[in-house]
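Visitor: Sequence isn't available, so here's the structure alone:
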């Protein structure tokens, strides 16, 4: 797939989420895992999705129209400690509602930072997606921050912890452009279903 155009469409803050005729692929993960950077990486734009140095800034569902053919959906991050318990609960319900009810959702990409062991929340998210029969791919980010040996070791830890195989994982670096084709090929496969 060649990305010819990408534009921000809208942000929504409740379960009356944006509805369109476009197929959707969504990105979810812990706060500060690099969702905004990954979206910019996918569409070859530096500032389409706003990346913040402060984790927990994505509190809305953000929609981006790509090639006037499908939507990339940036979901709120989870696991940020400085957010109130009530706000975490609201985000969780909001996220769950979107994931369970979006009729155009074709795949969820669960993002993990290669430098971190998956958390209980990451495991819970993956189980939730599998339980609800939502097509899911795991994407590890920031692989440029480790040596090849460290990446290989971390991939083994991630796969073991989540009960998945290496072929279930897309390895990416928005800095080194690693994994760009693999990610685009995967997205293309799902949006053309």
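Guide: Happy to help now that I have it. None of the values given here were measured: they were computed from a predicted structure.
Visitor: Nearest residue to residue 47 in space, please, no chain neighbours.
Guide: Nearest non-adjacent residue to residue 47, counting by C-beta to C-beta, 6 or more residues apart in numbering: residue 40, 6.8 Å away. Where you see a C-beta, it was placed from the backbone N, CA and C, and this is true even at glycine.
Visitor: mean confidence for the helix or strand encompassing the one you found?
Guide: Here residue 40 sits within helix 35-43, counting by DSSP states H and E. Mean pLDDT, helix 35-43: 89.
Visitor: ok, back up a step: got the contact list for the residue nearest to residue 47?
Guide: 46, 47, 48, 49, 51, 174 (C-beta atoms under 8 Å, 6 or more residues apart in numbering).
Visitor: now the helices: where do they sit in the protein?
Guide: 35-43, 85-101, 120-131, 148-162, 180-191 (DSSP state H).
Visitor: Run through who's touching the longest strand seen in the chain.
Guide: Using DSSP state E to define each element, the chain has its longest strand at strand 105-113. Residues outside strand 105-113 that contact it (C-beta under 8 Å, 6+ apart) are 23-30, 32-35, 38, 73, 98-99, 118, 122, 125-126, 129, 134-142, 158, 170, 186-187, 190-191, 193.
Visitor: If any of those are buried, give me the PyMOL selection for them.
Guide: A single PyMOL command is used to select the members of those judged buried by 16 or more other C-beta atoms under 10 Å:
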select buried, resi 23+24+25+26+27+28+29+30+32+33+34+35+38+73+98+99+118+122+125+126+129+134+136+137+138+139+140+141+142+158+170+186+187+190+191
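Visitor: so who does residue 62 touch?
Guide: For residue 62, the contact set (C-beta under 8 Å, 6+ apart) comprises 8, 10, 11, 49, 73, 74.
Visitor: Format these as a markdown table; extra columns: pLDDT and distance to residue 105.
Guide: Below are those laid out as a markdown table (pLDDT from 0 to 100; distance: C-beta to C-beta, whole Å):
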| residue | pLDDT | distance to residue 105 |
| --- | --- | --- |
| 8 | 93 | 19 |
| 10 | 91 | 16 |
| 11 | 88 | 17 |
| 49 | 80 | 18 |
| 73 | 94 | 8 |
| 74 | 92 | 13 |
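Visitor: Residue 141 contacts residue 38, doesn't it?
Guide: Yes - counting by C-beta atoms under 8 Å, residue 38 is a contact partner of residue 141 at 6.1 Å.
Visitor: Residue nearest the middle of the chain, spatially speaking?
Guide: residue 27 (2.1 Å; C-alpha atoms, centre = their mean).
Visitor: Right, I'll call it a day here.
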